[in-house]
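Q: make a model of this:
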Amino acid sequence: MLCYIPLIGWLPCIFVLAAHRFQNDRTVRFHAFQGLYLFVVWLLVDRVVSPIFKFGTDFNPGKLLHMAVLGAWVFMLVKTSQQQMFRLPIVGELADRSVAEQR
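A: This next block holds a predicted model:
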């Protein structure tokens with residue numbers, strides 16, 4: 001669950017991926033990768049998408065994308081607290097591939 005804490009969840013993700021204790025736990029590693037990739041999406045929106053649209057109109061799609069990523073973090077917090085496995089559309093596929101490559 002710690003991997004999905006908005007903005008600071010990347011720290012537990014790196015800890016989980018580096019820890020020998022979780023090396024064979026596929027579910028925990030999946031959530032760590034998915035949380036890390038979700039943070040990368042946040043960074044891309046924050047550093048690439050938002051500045052592009054900042055100088056255009058009053059409508060900023062970057063803010064909507066920030067809200068979408070924040071909503072995904074909260075949604076994943078709820079799903080993992082209920083012990084449900086949920087794969088986000090693109091990020092979940094990347095996390096599955098990353099876990100499979102670790103074997």
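Q: excluding its backbone neighbours, what's nearest residue 45?
A: Once flanking residues are discounted, residue 45 sits nearest to residue 65: 4.4 Å by C-beta to C-beta, 6 or more residues apart in numbering. C-betas here are computed from N, CA, C, even on glycine.
Q: neighbours of that neighbour, how many?
A: Residue 65: 18 surrounding residues under other C-beta atoms under 10 Å.
Q: that one touches residue 47, doesn't it?
A: No - proximity of residue 65 to residue 47 does not meet the contact threshold set by C-beta atoms under 8 Å, at 12.0 Å.
Q: where's residue 96 relative to residue 34, distance?
A: Distance of residue 96 to residue 34, computed by C-beta to C-beta, to the nearest Å: 9 Å.
Q: shared neighbours, these two?
A: residue 87 (C-beta atoms under 8 Å, 6 or more residues apart in numbering).
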